[in-house]
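*Asks:* below are the sequence and a predicted model for it; my questions follow.
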Amino acid sequence: MIKDYRASTFSILTALTMVLTLLHPVYATAASSPVSASETVLALSKVNVHQMPRIENSSLVAEAERREASRIGVPYHFAHPFDVDLDINETGTWEILADGSTLWRLRVVSTSAKHINLGFSQFELPKGAELWIYNAGGDHVGGPYTNDNRSKKGTLFTPVIPGDDIVIEVHVPKGAQGSLAVKVGFVNHGFRSITKPFQGACNNDVICPEGDPWGDQISSVARFSIGGSTLCTGQLINNTSLDRTPYFLSADHCGVTTGNAHSVVVYWNYESPVCGDLSGGSLDQNQSGATFIASHFSSDTNLIVLDQEPLPEYGVDYGGWNVSDNIPQSSVSIHHPGGGEKAISFDEDPLTDADIGYGGNTHWEVGNWEDGTTEGGSSGSCLWDTSDGLCVGVLTGGFASCSVISSDFYGKLSIGWEGGGTPESRLRDWLDPLDSGATSLQGLNQLSNKQEDIPTINKFGLAAMVILLAIISVFYFRLRI
């Protein structure tokens with residue numbers, strides 16, 4: 001009987017593992033090495049090269065600066081998009097490896113680019129096939145990407161890869177089943193560095209001691225790109241169901257729409273590892289793809305839902321919110337100035353109402369920052385009330401900088417809550433799906449919150465539960481006899 005008991009216990013543990021696997025959510029990808037790094041393959045010099053037209057970084061920077069200085073509420077431009085049509089069946093270099101699998105590679109060169117990112121207008125791989133992107137030196141790698149990483153539109157936009165010479169690699173196992181349709185639709189030439197310290201020296205790294213009380217809010221904040229060419233700041237935001245739906249809040253002027261939400265790439269935990277360096281952050285923790293949910297012009301609010309929940313090891317939290325319109329007596333902003341490493345700024349004075357031409361007093365005004373500032377790339381970041389740590393607005397823009405002590409303006413969540421009166425223009429339907437009437441909600445820790453440990457039972461989970469109950473019944477019967 002002891003032997004039977006152990007066998008039955010093992011069966012139950014195995015079944016429980018199956019249940020947890022089936023209930024486990026889909027997460028973003030994690031990087032690994034491409035196949036070419038460990039196999040004997042053709043030298044890169046023999047791989048087909050697609051050369052992009054030459055452009056001058058200095059003129060692109062000047063145009064971006066002119067645009068961003070022309071008015072409040074302009075996203076930070078960092079790359080120039082080239083429309084291309086690079087089909088895996090029409091370009092690149094194929095080879096057969098020793099194990100019978102096939103490898104396809106294509107080099108893309110955009111001379112003088114500080115970095116390159118890609119937009120795949122088609123992305124479908126056979127089962128077991130994987131795609132990587134890396135620079136010619138092989139020291140910066142993105143991937144592997146599979147069908148699980150493509151957007152709901154069947155596209156894939158990738159993180160930036162430093163350098164002006166990159167390689168796209170696809171590995172297809174021998175006998176792999178399924179369609180292969182890979183087409184690059186955009187090559188985005190980075191004309192501004194987003195991996196070197198270009199933010200003002202007055203900014204505070206979030207890793208510094210002044211950031212310690214704000215750890216939960218800091219972890220919810222991320223830098224994100226749209227279409228591979230513009231940058232803003234946003235944050236994962238909680239909802240009253242406490243179900244970890246990856247809603248991502250930012251500013252309407254950042255330009256995310258139903259047509260381009262699939263091109264969003266989010267960079268988590270991009271922050272300096274050393275207080276005061278304002279540099280040295282890693283871009284490795286990222287994910288791509290989202291769906292547009294709602295936006296409202298007057299409050300400058302925008303809400304999307306990410307295609308995957310962030311990986312657990314990213315340690316991302318869900319921020320809380322307050323839409324009561326009570327006046328915060330002091331506030332904090334957590335953001336990515338100049339698209340750089342995450343920073344934190346402090347305003348020690350009460351906020352005031354502001355009319356900046358969006359249709360009345362739709363914004364909160366920060367008169368000036370006592371410590372830190374904001375810059376291009378900070379747009380969309382939350383303004384957090386120091387009394388409760390909740391988000392009350394998102395950054396539209398302003399005149400503050402390290403050299404200019406001036407105002408910044410944040411679209412009020414209290415205005416965006418009802419928005420234009422429709423689900424597509426207001427936050428209420430999504431952040432309060434229970435229709436509870438709540439005017440505030442605390443944040444949610446991704447890993448330790450008790451409510452989020454309760455899995456959502458889908459049809460696969462239900463089937464697994466039935467199997468588990470059957471095994472438990474057999475176990476119970478065997479004990480009885």
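*Replies:* All right, it came through fine.

*Asks:* please make it C-alpha for all contacts and neighbour counts, starting now.
*Replies:* Fine.

*Asks:* any idea how far residue 321 is from residue 415?
*Replies:* Using C-alpha to C-alpha, to the nearest Å, residue 415 is found at 13 Å from residue 321.

*Asks:* which of the two has more residues huddled nearby?
*Replies:* More crowded of residue 415 and residue 321, by other C-alpha atoms under 10 Å: residue 321, with 27 against 23.

*Asks:* low-confidence ranges in the chain?
*Replies:* In the predicted model, the chain carries pLDDT under 70 at residues 1-31, 195-198, 446-481.

*Asks:* what about the helices in it?
*Replies:* Here the chain has its helices, by DSSP state H, at 2-23, 57-70, 215-220, 413-416, 428-431, 459-480.

*Asks:* residues in contact with the fifth one?
*Replies:* This means helix 428-431. Contact partners of helix 428-431, identified using C-alpha atoms under 8 Å, 6 or more residues apart in numbering, comprise 238-240, 417-418, 423, 435.

*Asks:* please check those residues and keep the buried ones.
*Replies:* Taking 16 or more other C-alpha atoms under 10 Å as the criterion, what is buried in the contacts of helix 428-431 is 238-240, 417-418.

*Asks:* save these as JSON lines, and put in distance to residue 272 too.
*Replies:* Below are the buried ones among the contacts of helix 428-431 laid out as JSON lines (distance: C-alpha to C-alpha, whole Å):
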{"residue": "238", "distance to residue 272": "26"}
{"residue": "239", "distance to residue 272": "30"}
{"residue": "240", "distance to residue 272": "33"}
{"residue": "417", "distance to residue 272": "34"}
{"residue": "418", "distance to residue 272": "37"}
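
*Asks:* now, which of these sits nearest residue 405?
*Replies:* Using C-alpha to C-alpha, residue 417 is the member of the buried ones among the contacts of helix 428-431 that sits closest to residue 405, with 30.6 Å.

*Asks:* if I look at that closest one, how far off is residue 323?
*Replies:* Separation of residue 417 from residue 323 (C-alpha to C-alpha): 7 Å.

*Asks:* not counting sequence-adjacent ones, nearest residue to residue 232?
*Replies:* residue 377 (4.7 Å; C-alpha to C-alpha, 6 or more residues apart in numbering).

*Asks:* the one you found against residue 338, yeah?
*Replies:* Yes - the pair residue 377 / residue 338 is scored as a contact, 4.9 Å apart, by C-alpha atoms under 8 Å.

*Asks:* common neighbours of these two, please.
*Replies:* What both residue 377 and residue 338 touch, as defined by C-alpha under 8 Å, 6+ apart, is the set residue 76.

*Asks:* for those two, indicate the residue with more neighbours.
*Replies:* residue 377 (28 against 25).

*Asks:* gap between the more buried one and residue 32?
*Replies:* From residue 377 to residue 32 the distance is 29 Å (C-alpha to C-alpha).

*Asks:* thinking again about what came up before, just the ones of the contacts of helix 428-431 in strands?
*Replies:* Of these, none are assigned to strands by DSSP state E.

*Asks:* mind listing what the residue lying closest to residue 400 once chain neighbours are set aside touches?
*Replies:* Once flanking residues are discounted, residue 400 sits nearest to residue 406: 4.6 Å by C-alpha to C-alpha, 6+ apart. Contacts here follow C-alpha under 8 Å, 6+ apart; on that basis residue 406 touches 367-369, 398-400.

*Asks:* if you set the cut-off to 7 Å instead, what comes out?
*Replies:* 367-368, 399-400 (C-alpha atoms under 7 Å, 6 or more residues apart in numbering).

*Asks:* and the residue nearest to residue 409 when sequence neighbours are not counted, how far from residue 397?
*Replies:* What sits nearest to residue 409 in space, not counting adjacent residues and going by C-alpha to C-alpha, 6+ apart, is residue 365, at 4.7 Å. Note on residue 365: its distance to residue 397, by C-alpha to C-alpha, is 10 Å.

*Asks:* could you break the chain into its assigned domains?
*Replies:* Under automatic domain parsing, the residue ranges defining each domain of the chain are 2-27+455-480, 35-190, 209-445.

*Asks:* check those domains for me and report the most buried one.
*Replies:* domain 209-445 (a mean of 22; mean count of other C-alpha atoms under 10 Å).

*Asks:* can you check the distance spanned by it, start to finish?
*Replies:* Termini of domain 209-445 sit 21 Å apart (C-alpha to C-alpha).

*Asks:* ok, now how distant is residue 381 from residue 374?
*Replies:* 10 Å.

*Asks:* residue 125 contacts residue 180, correct?
*Replies:* Yes - counting by C-alpha atoms under 7 Å, residue 125 does reach residue 180; the two are 4.8 Å apart.

*Asks:* how near is residue 361 to residue 410?
*Replies:* In terms of C-alpha to C-alpha, residue 361 sits 11 Å off from residue 410.

*Asks:* next: residue 270.
*Replies:* For residue 270 relative to residue 410 (C-alpha to C-alpha), the value is 23 Å.

*Asks:* who touches residue 303 in this structure?
*Replies:* 247-250, 292-295.

*Asks:* try 10 Å
*Replies:* 234-237, 247-252, 256-257, 291-296, 424-427, 430-431 (C-alpha atoms under 10 Å, 6 or more residues apart in numbering).

*Asks:* could you do residue 351 as well?
*Replies:* So residue 351 contacts 326-331, 363-368, 385, 409 (C-alpha under 10 Å, 6+ apart).

*Asks:* please redo it, this time with the cut-off set to 7 Å
*Replies:* Per C-alpha under 7 Å, 6+ apart, neighbours of residue 351: 327-329, 364-366.

*Asks:* what of residue 180?
*Replies:* 124-126 are the contacts of residue 180 under C-alpha under 7 Å, 6+ apart.

*Asks:* same check on residue 375?
*Replies:* 337-338, 401.

*Asks:* state the distance from residue 348 to residue 110.
*Replies:* In terms of C-alpha to C-alpha, residue 348 sits 46 Å off from residue 110.

*Asks:* returning to that earlier point: would you list the contacts of helix 428-431 in a markdown table and tack on distance to residue 220?
*Replies:* Below are the contacts of helix 428-431 laid out as a markdown table (distance: C-alpha to C-alpha, whole Å):
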| residue | distance to residue 220 |
| --- | --- |
| 238 | 10 |
| 239 | 14 |
| 240 | 17 |
| 417 | 20 |
| 418 | 24 |
| 423 | 24 |
| 435 | 24 |
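
*Asks:* now, which of those residues sits nearest residue 137?
*Replies:* Using C-alpha to C-alpha, those come closest to residue 137 at residue 238, 40.7 Å.

*Asks:* which residue packs closest to that closest one, ignoring adjacent ones?
*Replies:* residue 318 (5.0 Å).

*Asks:* that neighbour contacts residue 219, doesn't it?
*Replies:* No - between residue 318 and residue 219 there is no contact, the gap being 8.2 Å when judged by C-alpha under 7 Å.

*Asks:* which non-adjacent residue is nearest residue 157?
*Replies:* Per C-alpha to C-alpha, 6+ apart, closest to residue 157 is residue 119, 4.3 Å.

*Asks:* isn't that neighbour up against residue 160?
*Replies:* No - between residue 119 and residue 160 there is no contact under C-alpha under 7 Å: 10.8 Å.

*Asks:* contacting residues for the residue lying closest to residue 179 once chain neighbours are set aside?
*Replies:* The shortest distance from residue 179 to any non-neighbouring residue, by C-alpha to C-alpha, 6+ apart, is to residue 126 (5.3 Å). Counting by C-alpha under 7 Å, 6+ apart, residue 126 makes contact with 176-180.
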